[in-house]
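Peer 1: How does the following fold in three dimensions:
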Amino acid sequence: MNILMVAGESNPFAKSGGLADVVYSLSKELVKKGNNVSIVLPFYKKIKDQHMREHMKEYELVKTFPVYMSWRVQYCGVFRLEHEGITYYFIDNEQYFYRDGLYGFDDDIERFAYFNLAVVEFVLHMQLKLDVIHVHDWQAGMIPLLLKTDFRAAINYYVPHFVLTIHNPAFQGKFDPYYLGDFFNLSDVYYRDGTVRFENCASFLKAAIMLCDKITTVSPTHARELLNGEHAYGLQDVIRLREYDFFGIVNGVDEEEFNPRNDERIFVKYDEKTVLEGKKKNKQELLKKFGIKNPDLPLFGLVSRLTSQKGISLILDAIPHLSGKANIFLLGSGEKELEDRARFLRECYSENVAVYFGYSDDMAHKVYAASDYFLMPSNYEPCGIGQMIAHRYGALPIVRTTGGLKDTVIGFDGNNLNIADGFSFDDYCLQGLLGPCLSALDLFAYRDERKKMMQNAMKKNHSWSTSCELYLGVYREITGKKS
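Peer 2: Next comes the predicted model:
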């Protein structure tokens, strides 16, 4: 099957969150199963200045053409690169993409209007015979509308099928309906008939929900939450219109990258049999680097964006209750208020609290390998990847029962030691989090029981293989193809 992924980011080239992991890992698995997969991305400054500079000979300029945006005529160059069986295409326009960062600019709507138009022109110019165009989140949401309506005459030899995956419903690509004409060359009829209209604006994401053949999100529980309005950001009524074409598929993780048996980034490698010894040594080395004097205490780790969504305020509130009984290691960056609170708590509880501000793949692997428990008390979490990576390293997740956290972690209840692989709680409050944290502290004294739960976690199957088969089932259903 010929599949084109369109997204604002993808590993290993551009990443701001879990979307990049999903696009890359799913594509790799689809290739393993014999499909032809391409990914099209903006040609960001970071890719040009870092990866392209180091691998110049591997990049090929395959096409240039104009992109018409009402009165604007913009240059587009398309570069191609083969990587791990995936064909990457990069949409080049330095006015829009040669910047520090991926998103968060005042002209993001114009930037991604250009990206959507450029992708459509790219599909036409390259005469790609695609079975499925899989669009991810709002940044690619107008492509189905453009190809099914305004550009339909140009592709009368075929019409591709479309799948949308909603990774984060909080971001909807809303804009003034005026820009339907001024950016997209489209009539306002698509606003008036409701195709793009959402909360008195036009919306990339609304257009994709209305026009894609199937819509997925990243866990079954999150799909139910979106339908009933929980954490749906107003989208529930729109999604209900497509309820019979909407469902959740849990993400996977790259089991080759996250594997303590052969991970070169951690201090000491280990497996299910040696997990307790391996964790102890990794914990000693990591905490020594950050001046924590008693590494024999249980370690609660965090690898996350420091945002209110992730339950960081609950963790910071819990630190005074845990300090002295446990060590806490926080890795991440985000909201200034939360960063400032983390700095203050690090100073107040310097014997037990370490903080690494920013993000480092190398450091993240070390935290997973060293942690006895992994904190993920999210207010909401469409899927979450951290808890599944933590399982791979035998770090027992402490999660709130929301979204994919509920689907992927079996909380210990005192009677389910044979299957439990973490701890869970329901109520989003400090006492809700402290309950499983105290249970985790109690468990730490029971070596055999703790090892059993860690082994349960490490044996859990979070590979992309199962999820990939579900996506292939979606593709087969809408295309009528068996492979």
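Peer 1: Pretty sure Leu26 sits in a helix.
Peer 2: Yes - assessed by DSSP: H, G, I helix; E, B strand; the rest coil, Leu26 belongs to a helix.
Peer 1: ok, it - how many residues close by?
Peer 2: Applying other Cβ atoms under 10 Å, we find 25 residues neighbouring Leu26. Every residue, glycine included, has its C-beta placed from N, CA and C.
Peer 1: for the one 3 residues further on, same thing?
Peer 2: Per other Cβ under 10 Å, the neighbour tally for Glu29 reads 22.
Peer 1: any idea how far it lies from Glu469?
Peer 2: Separation of Glu29 from Glu469 (Cβ to Cβ, to the nearest Å): 9 Å.
Peer 1: pLDDT score assigned to Gln127?
Peer 2: Gln127 is assigned a pLDDT of 84 by the prediction.
Peer 1: What's the first helix or strand after the longest strand seen in the chain?
Peer 2: Ranked by residue count under DSSP state E, the longest strand found in the chain is strand 72-83. For strand 72-83, the following helix or strand on the C-terminal side (DSSP states H and E) is strand 86-92.
Peer 1: now for that following strand, which elements pack on it?
Peer 2: Here strand 86-92 touches helix 18-32, strand 36-42, strand 72-83, helix 108-126, going by 3 or more Cβ pairs under 8 Å, 6 or more residues apart in numbering; DSSP states H and E.
Peer 1: list the helices and strands the shortest one packs on?
Peer 2: Under the contact definition 3+ Cβ pairs under 8 Å, 6+ apart, strand 36-42 sits against strand 2-6, helix 18-32, strand 86-92, helix 108-126.
Peer 1: Between strand 2-6 and the third one, find me the angle.
Peer 2: An angle of 40 degrees separates the directions of strand 86-92 and strand 2-6 when computed by axes from the mean of the first three to the mean of the last three Cα atoms, to 10 degrees.
Peer 1: who touches strand 86-92?
Peer 2: Here strand 86-92 makes contact (Cβ atoms under 8 Å, 6 or more residues apart in numbering) with 10, 13, 24, 27-28, 31, 36-43, 47, 59, 62, 75-82, 97, 115, 118-119, 122.
Peer 1: Ok, the shortest one next?
Peer 2: In this structure, residues lying in contact with strand 2-6 by Cβ under 8 Å, 6+ apart are 23, 26-27, 30, 35-40, 119, 123, 128-136, 140, 143, 160, 475.
Peer 1: quick check: mean pLDDT across the longest strand of the chain?
Peer 2: Across strand 72-83, the average pLDDT comes to 97.
Peer 1: so what strands line up beside that strand?
Peer 2: strand 60-69 (antiparallel), strand 86-92 (antiparallel) (DSSP bridges).
Peer 1: How far does it sit from its chain's centre?
Peer 2: 25 Å (Cα atoms, centre = their mean, to the nearest Å).
Peer 1: so where is the stretch 101-250 of the chain shaky, pLDDT-wise?
Peer 2: Residue ranges of the stretch 101-250 of the chain with pLDDT under 70: 150-159.
Peer 1: what ranges do the strands span in it?
Peer 2: With DSSP state E, counting those that start in this stretch as the criterion, the stretch 101-250 of the chain has strands at 132-136, 161-166, 174-175, 197-198, 201-203, 214-217, 246-248.
Peer 1: could you dump these to a markdown table with mean neighbour count and distance to Ala326?
Peer 2: Shown next, in a markdown table, are the strands of the stretch 101-250 of the chain (neighbours: other Cβ atoms under 10 Å; distance: least, Cβ to Cβ, whole Å):
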| stretch | mean neighbour count | distance to Ala326 |
| --- | --- | --- |
| strand 132-136 | 26 | 38 |
| strand 161-166 | 25 | 36 |
| strand 174-175 | 19 | 43 |
| strand 197-198 | 21 | 45 |
| strand 201-203 | 23 | 44 |
| strand 214-217 | 23 | 35 |
| strand 246-248 | 19 | 34 |
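Peer 1: Dump those strands to a markdown table, plus distance to Glu264.
Peer 2: Output for the strands of the stretch 101-250 of the chain, formatted as a markdown table (distance: least, Cβ to Cβ, whole Å):
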| stretch | distance to Glu264 |
| --- | --- |
| strand 132-136 | 30 |
| strand 161-166 | 32 |
| strand 174-175 | 44 |
| strand 197-198 | 47 |
| strand 201-203 | 44 |
| strand 214-217 | 34 |
| strand 246-248 | 34 |
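Peer 1: so which of the ones you listed gets nearest Arg111?
Peer 2: In terms of Cβ to Cβ, the element of the strands of the stretch 101-250 of the chain nearest to Arg111 is strand 174-175, at 11.6 Å.
Peer 1: partner strands of that closest one, parallel or antiparallel?
Peer 2: Take DSSP bridges as the rule and strand 174-175 pairs in its sheet with strand 201-203 (antiparallel).
Peer 1: Identify all contacting residues around the partner strand.
Peer 2: The contact list for strand 201-203 (Cβ under 8 Å, 6+ apart) reads 138, 141, 172-177, 179-180, 190-191, 196-197.
Peer 1: How much space separates the residue in the chain sticking out farthest from the centre from His125?
Peer 2: Using Cα atoms, centre = their mean, the residue of the chain lying farthest from its centre is Trp71. It sits 35.9 Å away. Counting by Cβ to Cβ, the gap from Trp71 to His125 is 22 Å.
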